[in-house]
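Chemist: Next come a sequence and a model predicted from it.
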Amino acid sequence: MIHLIYGYGKGKTTASVGLSLRQVGRGGRVLYLQFLKNEPSGEIIMFEKIDNIDVMLSHDAKFSWTADEKDIENMKNASRELMEKALTVADNYTMVVFDELLNALSGGIISEDEVIEIITKIEAEIVLTGLKVTDKLLELADYASELKAVKHPYEKGIMARIGIEY
């Protein structure tokens, strides 16, 4: 089944991490792909210590407001390469998580058609996270959870904190 975890509230990656741990706890194998993040966050550091969770990262990320055309092209190539790698090994897993893929999609880094083509070929449980979802993906999904921001420390100028946001 396909899970969408999206919205402007905190907890999308956290929810995908929880599903991953639950899957492994029940004997499954998880492939966790992370898009548009430059450095390993706490969950990736932890996943590397757990059997049955494999991680693939796309390291060519830049914030959209600092990215030039070459950066964007690098992000597109890295994202496509990551999707293609996932497809070649997905049969070895019971769950495949595409963390931040919805942001790559909404940012024009990867197309909706490419996403749908890849995820519909994978026969594992699929999880996609990010800020926005398309109507086609929403229709395709079996689970859709939208996280709404009600209050966040960013509003007070408090930046992302290690162990909480990453």
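Modeler: In hand now; what should we look at? Residues are numbered from 1 along each chain as shown.
Chemist: C-alpha only now, for contacts and for neighbours.
Modeler: Will do.
Chemist: show me the contacts for residue 151.
Modeler: Applying Cα atoms under 8 Å, 6 or more residues apart in numbering to residue 151 gives no contacts.
Chemist: Against residue 2, how distant is it?
Modeler: Going from residue 151 to residue 2 by Cα to Cα, to the nearest Å gives 28 Å.
Chemist: what's the distance between the nearest residue to residue 163 once chain neighbours are set aside and residue 165?
Modeler: Spatial nearest neighbour of residue 163, excluding adjacent residues (Cα to Cα, 6 or more residues apart in numbering): residue 42 at 6.1 Å. For residue 42, the distance to residue 165 (Cα to Cα) stands at 9 Å.
Chemist: now swap in residue 2 and tell me
Modeler: For residue 2 relative to residue 165 (Cα to Cα), the value is 25 Å.
Chemist: Between those two, which is the more surrounded one?
Modeler: Taking neighbours as other Cα atoms under 10 Å, residue 2 and residue 165 compare with residue 2 leading, 20 against 13.
Chemist: From what I see, the more buried one and residue 141 are in contact.
Modeler: Yes. At 4.9 Å, residue 2 and residue 141 qualify as touching, with contact defined as Cα atoms under 8 Å.
Chemist: In the chain, what helix or strand scores lowest on average pLDDT?
Modeler: Scoring the helices and strands of the chain by mean pLDDT, DSSP states H and E places helix 69-89 at the bottom, with a mean of 90.
Chemist: Mind listing what's buried along it?
Modeler: 71-72, 74-80, 82-83, 86-87 (16 or more other Cα atoms under 10 Å).
Chemist: what do you get for stretch 127-136?
Modeler: Neighbour counts over stretch 127-136 (16+ other Cα under 10 Å) mark 127, 128, 129, 130, 131, 132, 133 as buried.
Chemist: Narrow those residues to those in strands?
Modeler: Counted as lying in strands by DSSP state E, out of those, are 127, 128, 129, 130.
Chemist: Contacts only, for the first one.
Modeler: By Cα under 8 Å, 6+ apart, the contact list for residue 127 reads 2, 3, 4, 5, 16, 95, 96, 97, 98, 99.
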